[in-house]
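In: need a 3D model of the following:
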Amino acid sequence: MESRGVLFLIFGWMGLVIVMVIITHELKCPRCGKRFYVKGLSFWQMATKCIHCGTPKYADVNADRTEVHQ
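Out: This is a model prediction of the structure:
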């Protein structure tokens, strides 16, 4: 009975990881509209900025670009 619980946990975790990889692969950048983590054949899930336009990961895309931050 114990091994069924462990197997359920393992396969559940594997399923969750697969779903999260698919979701992050398909995420689009709000500024340029291209995939945030994918460029050609490269897929870098740990990127901190858009691979295409360089928008930071948690940037406010509605902020005025000419505004000077001090």
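In: going forward, measure contacts between C-alpha atoms and count neighbours the same way
Out: OK.
In: how about the most centrally placed residue in the chain, secondary structure?
Out: Central residue of the chain (Cα atoms, centre = their mean): residue 24, 3.5 Å from the mean position. Using DSSP: H, G, I helix; E, B strand; the rest coil, the structure places residue 24 in helix.
In: residue 16 in helix, strand or coil?
Out: helix.
In: ok, now how distant is it from residue 10?
Out: Separation of residue 16 from residue 10 (Cα to Cα, to the nearest Å) stands at 10 Å.
In: which residues touch the residue nearest to the centre of the chain?
Out: 37, 45 (Cα atoms under 8 Å, 6 or more residues apart in numbering).
In: gap between it and residue 62?
Out: Relative to residue 62, and taking Cα to Cα, residue 24 is found at 22 Å.
In: looking at the protein, which helix or strand is least sure?
Out: strand 42-43 (a mean of 86; mean pLDDT, DSSP states H and E).
In: which residues touch that one?
Out: 25, 37.
In: partner strands of that strand, with direction?
Out: Paired neighbours of strand 42-43 in the sheet (DSSP bridges): strand 38-39 (antiparallel).
In: and the contacts of the strand it pairs with?
Out: By Cα under 8 Å, 6+ apart, the list of residues contacting strand 38-39 reads 25, 44, 51, 52.
In: burial of the last one, as a residue count?
Out: With neighbours defined by other Cα atoms under 10 Å, the count for residue 52 comes to 16.
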